[in-house]
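*Asks:* sequence-free structure coming up:
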């Protein structure tokens, strides 16, 4: 590919080749017609989610390769599929590129998406590419789930345990480091948080594992920060929660110390960790946490308890405001 | 709603109400969870298409209400569903808004989309709203089609007749008028072309009607102009075509005369008419055209003939270049 942008038809032919490497068998028609076509599997429900990333709002080109940006955008959408207890089937991508986006950059972006798609068993089945003042990546993913396995946000009940799949704050710590101390980006001490920010991993296997358990009453992914997302989960469930432990990623705590920041704010408000928030019947929590640890080799982190009183608060009763990412704020 | 933008959660609650008016029964979970959920109907195939409209690239706010912009963006996607012979089931919307987009504007945009969705039997089941430097509307529509009714672009065979569902050029004429003689936008003589540009109608009923006929070998919607779209259809079918008649919208011809433009260029290259291009077995064309006219009360317009020689040309042999809309051009 040259460094100037190809015509739409030429570029699409290249992207089509990349995407063809991630095409499961139930895809009947991929990129190239008016629409893509697939055969939904019998007796499953279909799920769909869409999410857009905009340059200058959700990411900058500094410190991020095109491949990482593509992977990250795709991970955010797959994380929503994971949070339904579903498995991904196919995705479409609406890409806006500006005059500075050359064909090689766009191809790398797609390579990042296609790589994660392939590892996740997801096809990239369609798309649209257009000019835009800033790079805009709007991804839609379709998945499938057995009706009995579908997990909503709205099933939390008083007495349930709130747990997350990993310590939090790593992604925000990575962003802080890349923004304010970029020279430390390649420091081995911070490799984990940089990776968490650049190439987050959607918890698809964990989502399906939770989905198979009737003791998991609600499931959601933490994309906007635990304080915001747990507030939302509680609101639609008609309950509240007390948070009595905030698991903080160890490297994130080291980054916070470097800047004199409060590490708990990274974990509560940072967002984009793409952990799953699982709300689990108290009677089953110990058993499930043990099985989770054996199955995934990592702990299931207890965060707090669901209560009847609306809102979320600390064990002291002090309210926790949803201070995470508001996509329309300033 | 106030004139300043609400918080994301507040705004989404308003949009959710609007979208709830267009929710068919097979939608199990709409806006508000990590993903929307639906039950695909048995033994059908699912189809998916995505398309993004960007302010300053595909539309400007001048001469277009938020409602019209919403309707138009949604129509472009439904047109792709029509071109597969499918019926729409649900849509997701990734919306980027800038500081000048107030909540009332966003609500009107959604009202335009929801109005067309309702008339088309399509749910708006999910979305994402974010800041962006220009208004960006990325819509994904899922549809369904009986496997035997699925129409691809690639089925055209030498000898087939190429037809379109309406005279062309109206949308481009409307754009030309609104851009260069906006004072004529309310002139009754040009009401049709202004309407064609502002609120195009996807040919869903026509698409499903074609889909039921085995004599329709290929189907595509004309969104980028007949010269570009027919070139694409021929390329994937491994054929070419001679165009011997270009049906030109009468009002579009009047607008062209006003500006001293060649009306045939509006029809060939203008795009966004969202006509369907149907490729029909020659032996069945007369019969189908008669039935089409009786069923829809409008003609089926014969444009030309499929041939083995690649590319498209006039009856004189003069090549016709694909001069329509390239989304990445300058």
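*Replies:* Sure, I can see it. What you see is a predicted model, and the numbers here were worked out from it, not measured in a lab.

*Asks:* look at the closest residue to residue A:189 other than its chain neighbours and report its pLDDT.
*Replies:* Once flanking residues are discounted, residue A:189 sits nearest to residue A:254: 6.7 Å by CB to CB, 6 or more residues apart in numbering or on different chains. C-betas here are computed from N, CA, C, even on glycine. If you check residue A:254, the pLDDT there is 97.

*Asks:* and residue A:254, helix, strand or coil?
*Replies:* Under the three-state scheme (DSSP: H, G, I helix; E, B strand; the rest coil), residue A:254 adopts helix.

*Asks:* now it: how far from chain B?
*Replies:* 31 Å (CB to the nearest CB, to the nearest Å).

*Asks:* burial of that residue, as a residue count?
*Replies:* 16 (other CB atoms under 10 Å in any protein chain shown).

*Asks:* that one contacts residue A:188, correct?
*Replies:* No - counting by CB atoms under 8 Å, residue A:254 does not reach residue A:188; the two are 11.9 Å apart.

*Asks:* and the helix or strand that residue A:78 is a member of, what other elements does it pack with?
*Replies:* Under the criterion of DSSP states H and E, residue A:78 resides in helix A:66-82. In terms of contacts (3 or more CB pairs under 8 Å, 6 or more residues apart in numbering or on different chains; DSSP states H and E), helix A:66-82 is packed against strand A:45-54, strand A:87-97, helix A:103-119, strand A:136-145, helix A:191-198, helix A:204-211, strand A:216-222.

*Asks:* avg pLDDT for it?
*Replies:* Here the average pLDDT along helix A:66-82 is 95.

*Asks:* now it against strand A:216-222, angle please.
*Replies:* Angle, helix A:66-82 to strand A:216-222, by axes from the mean of the first three to the mean of the last three CA atoms, to 10 degrees: 160 degrees.

*Asks:* tell me which residue in the stretch 101-250 of chain A sits closest to chain B.
*Replies:* In the stretch 101-250 of chain A, no residue comes nearer to chain B than residue A:138, which is 3.7 Å away by CB to the nearest CB.

*Asks:* could you list the contact residues of the stretch 151-300 of chain A toward chain B?
*Replies:* Taking CB under 8 Å from any CB of the partner chain as the contact definition, the stretch 151-300 of chain A meets chain B at A:152-154, A:219-221, A:232, A:236.

*Asks:* any chance of those residues in CSV, with pLDDT and neighbour count too?
*Replies:* CSV is the format used below for these (pLDDT from 0 to 100; neighbours: other CB atoms under 10 Å in any protein chain shown):
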residue, pLDDT, neighbour count
A:152, 93, 23
A:153, 93, 24
A:154, 93, 18
A:219, 97, 28
A:220, 96, 27
A:221, 94, 26
A:232, 93, 18
A:236, 93, 16
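
*Asks:* residue boundaries of the helices in the stretch 201-330 of chain A?
*Replies:* Ranges of helices in the stretch 201-330 of chain A, per DSSP state H, counting those that start in this stretch, are A:204-211, A:226-237, A:250-259, A:263-269, A:282-296.

*Asks:* could you dump the helices and strands packed on helix A:66-82 to TSV with distance to residue B:36?
*Replies:* As requested, the helices and strands packed on helix A:66-82 are exported to TSV (distance: least, CB to CB, whole Å):
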stretch	distance to residue B:36
strand A:45-54	5
strand A:87-97	14
helix A:103-119	20
strand A:136-145	10
helix A:191-198	28
helix A:204-211	16
strand A:216-222	14
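
*Asks:* any idea which of these gets closest to residue B:90?
*Replies:* Shortest separation from residue B:90 across those is recorded for strand A:45-54, at 7.1 Å, computed as CB to CB.

*Asks:* now residue A:204: closest residue in space that isn't a chain neighbour?
*Replies:* residue A:82 (4.6 Å).

*Asks:* where does the prediction get shaky in the stretch 201-330 of chain A?
*Replies:* Low-confidence segments of the stretch 201-330 of chain A (pLDDT under 70): A:324-330.

*Asks:* at 50 what do you get?
*Replies:* Scanning the stretch 201-330 of chain A for pLDDT under 50 picks out A:330.

*Asks:* count of residues packed around residue A:317?
*Replies:* Neighbourhood size, residue A:317 [other CB under 10 Å]: 8.

*Asks:* hang on, the earlier thing: my guess is the residue nearest to residue A:204 meets residue A:275, correct?
*Replies:* No - between residue A:82 and residue A:275 there is no contact under CB under 8 Å: 10.2 Å.

*Asks:* can you list residues touching both of these two?
*Replies:* Taking CB atoms under 8 Å, 6 or more residues apart in numbering or on different chains as the contact rule, residue A:82 and residue A:275 both touch A:203, A:221.

*Asks:* the two: who's more crowded?
*Replies:* More crowded of residue A:82 and residue A:275, by other CB under 10 Å: residue A:82, with 32 against 28.

*Asks:* mind listing what that one touches?
*Replies:* A:202-204, A:206-208, A:221, A:276.

*Asks:* go with 10 Å
*Replies:* A:75, A:88, A:120, A:143, A:151, A:165, A:201-208, A:210-211, A:219, A:221, A:274, A:276, B:34-35 (CB atoms under 10 Å, 6 or more residues apart in numbering or on different chains).

*Asks:* before we move on, the earlier item: measure the residue nearest to residue A:204 to residue A:228 for me?
*Replies:* For residue A:82, the distance to residue A:228 (CB to CB, to the nearest Å) stands at 18 Å.

*Asks:* coming back round to it: of the residues of the stretch 151-300 of chain A next to chain B, closest to residue A:177?
*Replies:* Within these, proximity to residue A:177 (CB to CB) peaks at residue A:221, which comes in at 23.2 Å.
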